[in-house]
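Novice: just the structure for this:
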Amino acid sequence: MESKPGVGHTILVVDDEVPLRQAVAFILGQRGYTVLEAADGYQAIEMVKEHGRAVEVVLLDVMMPRLDGLGTLKALREIRPELQVIATSGVNHDSRVEALRRLGVQTFLLKPYRNHNSV
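Specialist: Below you'll find the model as predicted:
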């Protein structure tokens, strides 16, 4: 029996676009990940506080109302400096990407995502 790559790992998907967030959560869940969802930065902060070290990776939208990705990331760094964060956006904002990199984001995904069948 083939093991799914995400079994035993938890990802927090943070995006204000409900259909996109749900689609990403579904795809990651199909690959075995435990997926938590947050509609905005404030909710993401609360989920990281609530779930602690169980959250291993945050997939964080850069452009969100209320609290954007940069503000969310700053708050997450205060809670868990080592937390792995992947930033996402539909637009490549060079200044925002650079600010995110300074805060330790190493991966930036441009929307729309592509679902590849490879691992």
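Novice: from now on I want contacts and neighbour counts done on CA atoms only, so please keep to that.
Specialist: OK.
Novice: packing partners for the longest helix along the chain?
Specialist: Ranked by residue count, the top helix of the chain under DSSP state H comes out as helix 18-30. Under the contact criterion of 3 or more Cα pairs under 8 Å, 6 or more residues apart in numbering; DSSP states H and E, helix 18-30 touches strand 10-14, strand 34-38.
Novice: if we go to 10 Å?
Specialist: Judged by 3 or more Cα pairs under 10 Å, 6 or more residues apart in numbering; DSSP states H and E, the packing partners of helix 18-30 are strand 10-14, strand 34-38, strand 57-61.
Novice: neighbours around Val48, how many?
Specialist: 20 (other Cα atoms under 10 Å).
Novice: quick one, which of the helices and strands packed on helix 18-30 is nearest to Glu82?
Specialist: Comparing those by their distance to Glu82 (Cα to Cα), the top pick is strand 57-61, with 10.0 Å.
Novice: go ahead and report the secondary structure state at Val7.
Specialist: coil (DSSP: H, G, I helix; E, B strand; the rest coil).
Novice: and it, what does it touch?
Specialist: Gly29, Gln30, Arg31, Gly32, Tyr33, Thr34 (Cα atoms under 10 Å, 6 or more residues apart in numbering).
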